[in-house]
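Enquirer: Structural data only, the sequence is not supplied:
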């Protein structure tokens, strides 16, 4: 887990990493990898395994794990990081809005369903079982209940997007 820094002049150079195997006082080259610095121009961290090659370009039979990053412009790098996190936060806020809209839809369809979920019981929040929610909402469908044909009666279910769906099995969330 060593860290190395190298000065880059033009960005067209290659990084050459040579792996040396040491046994006693004898050193043998196990292989090398050549990585064009231009591959790192995006300034992201590259976490990869690289094949080792012998001196004539044939696979040497080993691999080396490297985490590489070239920051050639601190301004561009920090701008990209801030933009990336801004996009992430924006997506999380959109998801939150979607979930709140879905919750509102559920509350409109089943008044009291959401408030029951939020009641504090015994120092923590308790989520009702599907059977309790269905019963309280006015539907009476349990696994042991069957129609005259021997199959469970259809149960109204609410999908995550708030759409109404029918199921022969029960309520899903």
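Expert: Now that the structure is in, tell me what you want to look at. Nothing here was measured: the structure is a model prediction, and the numbers come from that model.
Enquirer: Going by C-alpha atoms from here, please, whenever you check contacts or count neighbours.
Expert: Fine.
Enquirer: all helices for the chain, in order.
Expert: Assigned helices in the chain, in chain order: 74-109, 113-118, 130-136 (criterion: DSSP state H).
Enquirer: buried set for stretch 28-48?
Expert: With burial defined by 16 or more other C-alpha atoms under 10 Å, the residues of stretch 28-48 counted as buried are 30, 31, 32, 33, 37, 40, 43.
Enquirer: same thing with stretch 63-82?
Expert: 63, 68, 69, 70, 77.
Enquirer: Make TSV out of the residues you listed and add pLDDT.
Expert: Output for those, formatted as TSV (pLDDT from 0 to 100):
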residue	pLDDT
63	92
68	94
69	93
70	92
77	92
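Enquirer: Show me which of those residues is closest to residue 52.
Expert: residue 63 (5.3 Å; C-alpha to C-alpha).
Enquirer: sorry, back to before: any idea which of the buried residues of stretch 28-48 is closest to residue 8?
Expert: residue 37 (8.5 Å).
Enquirer: List the contacts of the closest one.
Expert: By C-alpha atoms under 8 Å, 6 or more residues apart in numbering, the contact list for residue 37 reads 11, 12, 13, 14, 15, 70.
Enquirer: contacting residues around the second one?
Expert: Under the criterion of C-alpha under 8 Å, 6+ apart, the contact list for residue 12 reads 36, 37, 38.
Enquirer: bridging residues for residue 47?
Expert: Here residue 47 sits in beta bridges with residue 67, going by DSSP bridges.
Enquirer: surely it meets residue 64?
Expert: No. The pair residue 47 and residue 64 does not pass the contact test of C-alpha atoms under 8 Å, sitting 10.9 Å apart.
Enquirer: looking at the helices of the chain, which is closest to residue 51?
Expert: Closest to residue 51 of those is helix 74-109 (C-alpha to C-alpha; 28.7 Å).
Enquirer: what's the closest one packed up against?
Expert: helix 113-118 (3 or more C-alpha pairs under 8 Å, 6 or more residues apart in numbering; DSSP states H and E).
Enquirer: Quick one: mean pLDDT for the helix it packs on?
Expert: Averaging pLDDT along helix 113-118 yields 56.
Enquirer: Quick one: neighbours of residue 53, just the number.
Expert: Neighbour count for residue 53, taken as other C-alpha atoms under 10 Å: 20.
Enquirer: so who does it touch?
Expert: Applying C-alpha under 8 Å, 6+ apart, we find residue 53 in contact with 31, 32, 33, 59, 60, 61.
Enquirer: what's the answer for residue 72, then?
Expert: Residue 72 neighbours (C-alpha under 8 Å, 6+ apart): 41, 43.
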